[in-house]
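K.L.:
Mind looking at a prediction? Sequence and model below.
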Amino acid sequence: MKLELHHVNLATTNVREMDNFYRNIIGLAAESESQLPPLNKETGIVGDVAFVTDGTIQMHLAQKDMALGFRTGQVVNPLARGHIAYRTDDLDAFRKHLEEHGIDYSDWGNDAVAGWQQIFFYDPDGNVIEVHQPKTD
């Protein structure tokens, strides 16, 4: 069985701010209408959702809904939080981009993963984002 990452879902109290962040800071694009999942607003997700993509992987930025599990009778509530990782070919340029936008970050170097240079920062809703670059010999 082959598995591929399809999307990451982040629960938020401010879909518009998150959509703006992932488009303007991270550089993702709006997902095309033909690729959007059919949401069932009557029995499932009732809040706002924005869909962005890097061209391969989607992110679903969904309105946080702590009562979804109760309403649907499900034990697992998919709209209640994680860590998202992106790979870059120029971490120095990305650090500069964050600094230009006033985004603080923590530089882990290769302390967490041997062979990767990593930085971590928060999006506007407090989700952790990693950007890393593999070391080249």
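P.N.:
Yep, that arrived.
K.L.:
Could you tell me which residues within the lowest-mean-pLDDT helix or strand in the chain count as buried?
P.N.:
Lowest on mean pLDDT, DSSP states H and E among the helices and strands of the chain sits strand 83-87, with a mean of 78. Within strand 83-87, the residues that count as buried by 16 or more other Cβ atoms under 10 Å are Ile84. Just so you know, the C-beta spots here come from the backbone N, C-alpha and C atoms, and that holds for glycine as well.
K.L.:
Tell me where the chain has strands.
P.N.:
Applying DSSP state E to the chain gives strands spanning 7-12, 29-30, 49-53, 58-63, 83-87, 106-109, 116-122, 128-134.
K.L.:
What helices and strands are in contact with the fifth one?
P.N.:
Spelled out, it's strand 83-87. Packed against strand 83-87 by the contact rule (3 or more Cβ pairs under 8 Å, 6 or more residues apart in numbering; DSSP states H and E) you find strand 128-134.
K.L.:
Go through the strand it packs on and flag the buried ones.
P.N.:
For strand 128-134, the neighbour count (16+ other Cβ under 10 Å) marks Ile129, Glu130, Val131, His132, Gln133 as buried.
K.L.:
Kindly report the same for stretch 86-106.
P.N.:
Buried residues in stretch 86-106 (16+ other Cβ under 10 Å): Thr88, Leu91, Phe94, Arg95, His97, Ile103, Tyr105.
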